[in-house]
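Colleague: Got a predicted structure plus its sequence, pasted below:
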Amino acid sequence: MALAHYRMLDCTFPEVQEYLKTKQTIIIPYALSEQHGAHLPLDVDVRNTEFISRKLAEKLDCLIAPTLNYTFSGGMFPGTINVKPATFCNLVGEIIESLYLQGFRNFVILPGHGGSESLMQLKESLRILKWLNPTLSDAMILLTQIWDFSPTWFNMFDEKDYHAAKAETSLMLYWCPEVVRLDKLTMDEDEVAERLRQDPDSYQLRESFTELPQEIVQTSQRQDVKLGVMGYPEEASAEIGRRIETECIENGGNAILQAIADADAARKSGKRIVHDNGAHLKIRSV
Ligand SMILES: [Zn+2]
């Protein structure tokens, strides 16, 4: 039977108690307030993760934790709020520990933000959390980027479309066209815009005193980046957004349902998959 509420915040505590008798899955969405060019609002990543979380929760018939609205971006335009990765990672870990104590066992962390720093740090910090807190050994934590399950979206990375561009603008045009300011759509100077397409991390200026790779670089946002759109937002359409959503929910939903079933079975049988290589340390990021 479908849940009456998917947002845990809409439930009473006895309703959560009741839910936990039969299900132990929760989606944890996170994003942040971040620059998305002159044509998209600061909360694009929040909207992305909340729209997908909602659809995914319907498919999984599971609860959604309150969206965590703070993480690390690196962007320096007004309105972008950067929280140090360690702070953010600790917070996610403590949220998981708190929910675990109540009986949740399957955690689906859903970032709406794709910055490589926050993803890499979070993945490693959660691995260490499980390492140092073996109580969590029967907790399954999935860190699943929204685009992992959408060929339409991740193929755009090969076409050099990343931040605030075709994919994100399409999703906003599909979900909430009223927030898209197409009349304000502007790009950086051609050379800068192309550099950002070729390397989305090139919005960063990294400087050092020496050539030694051991020296920690000084990082800032390049002065010549005036908008920071990385890709081809002019090619966006609501239809592309609809396709991304369908793929995310169908492919992602099925994969996560399978993962939950596998985890439940493994908890009962005690079986674990042993990894002899470092595959679980790697992460595909943008
Ligand atoms: Zn974004």
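Modeller: Right, received. Where do you want to start? What you see is a predicted model; the values in this text were computed from it and never measured.

Colleague: and Asp262, how many neighbours does it have?
Modeller: Other residues within reach of Asp262, judged by other C-beta atoms under 10 Å, total 13. No exception for glycine: its C-beta is placed from N, CA and C like everyone else's.

Colleague: same question, the one 4 residues further on
Modeller: Ala266 is flanked by 14 other residues according to other C-beta under 10 Å.

Colleague: so it is in which element?
Modeller: helix 253-269 (DSSP states H and E).

Colleague: residues of that helix that come out buried?
Modeller: For helix 253-269, the neighbour count (16 or more other C-beta atoms under 10 Å) marks 253, 256-257, 259-260, 263, 267 as buried.

Colleague: which helices and strands sit right next to it?
Modeller: Under the contact definition 3 or more C-beta pairs under 8 Å, 6 or more residues apart in numbering; DSSP states H and E, helix 253-269 sits against helix 44-60, strand 106-111, strand 140-143.

Colleague: just checking, next helix/strand downstream of the last one?
Modeller: Beyond strand 140-143 on the C-terminal side, the first helix or strand identified by DSSP H and E is helix 151-158.

Colleague: swap in the longest one?
Modeller: Later in the chain than helix 44-60, the nearest helix or strand by DSSP H and E is strand 63-64.

Colleague: Can you give the distance of that next one from its chain's centre?
Modeller: Relative to the mean C-alpha coordinate of its chain, strand 63-64 is positioned 16 Å out (C-alpha atoms, centre = their mean, to the nearest Å).

Colleague: Flag every buried residue along whichever helix or strand comes after it.
Modeller: Using DSSP H and E, the helix or strand that follows strand 63-64 in sequence is helix 85-102. Residues 85, 88-89, 92-93, 95-96, 99-100 are the ones in helix 85-102 that count as buried (16+ other C-beta under 10 Å).

Colleague: Mind putting these into JSON lines with pLDDT and distance to Arg127?
Modeller: Output for these, formatted as JSON lines (pLDDT from 0 to 100; distance: C-beta to C-beta, whole Å):
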{"residue": "Pro85", "pLDDT": "95", "distance to Arg127": "14"}
{"residue": "Phe88", "pLDDT": "96", "distance to Arg127": "16"}
{"residue": "Cys89", "pLDDT": "97", "distance to Arg127": "11"}
{"residue": "Val92", "pLDDT": "98", "distance to Arg127": "12"}
{"residue": "Gly93", "pLDDT": "98", "distance to Arg127": "11"}
{"residue": "Ile95", "pLDDT": "98", "distance to Arg127": "16"}
{"residue": "Ile96", "pLDDT": "98", "distance to Arg127": "12"}
{"residue": "Leu99", "pLDDT": "98", "distance to Arg127": "18"}
{"residue": "Tyr100", "pLDDT": "98", "distance to Arg127": "16"}
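
Colleague: For the residue of the stretch 1-150 of the chain found nearest the ion, give me its contacts.
Modeller: Proximity to the ion, evaluated over the stretch 1-150 of the chain using C-beta to the ion, is greatest for Asp45 at 4.2 Å. Going by C-beta atoms under 8 Å, 6 or more residues apart in numbering, Asp45 touches 31-32, 34, 36, 111-113.

Colleague: ok, those vs Arg54, which is closest?
Modeller: When the contacts of Asp45 are compared for distance to Arg54, the smallest value, 12.1 Å, is given by Gly112; criterion: C-beta to C-beta.

Colleague: and the closest one, what does it touch?
Modeller: Shown in contact with Gly112 (C-beta under 8 Å, 6+ apart): 29-31, 44-50, 52, 146.

Colleague: what about burial for the residues you listed, which qualify?
Modeller: Looks like the contacts of Gly112 have 29-31, 44-50, 52, 146 buried, using 16+ other C-beta under 10 Å.

Colleague: returning to that earlier point: give the rounded mean pLDDT of the helix holding Ala266.
Modeller: The average pLDDT within helix 253-269 is 96.

Colleague: same thing with stretch 108-116?
Modeller: Computed over stretch 108-116, the mean pLDDT rounds to 92.

Colleague: List the buried residues for it?
Modeller: Across stretch 108-116, burial judged by 16+ other C-beta under 10 Å covers 108-115.

Colleague: Please identify the helix or strand for Leu32.
Modeller: Secondary-structure assignment from DSSP H and E places Leu32 in no helical or strand segment.

Colleague: Report the contact partners of it.
Modeller: Leu32 is in contact with 45-46, 69-73, 80-81, 83, 113, counting by C-beta under 8 Å, 6+ apart.

Colleague: follow-up on the earlier one: farthest pair in the buried residues of helix 253-269?
Modeller: Using C-beta to C-beta, the two most remote members of the buried residues of helix 253-269 are Gly253 and Arg267, lying 21.3 Å apart.
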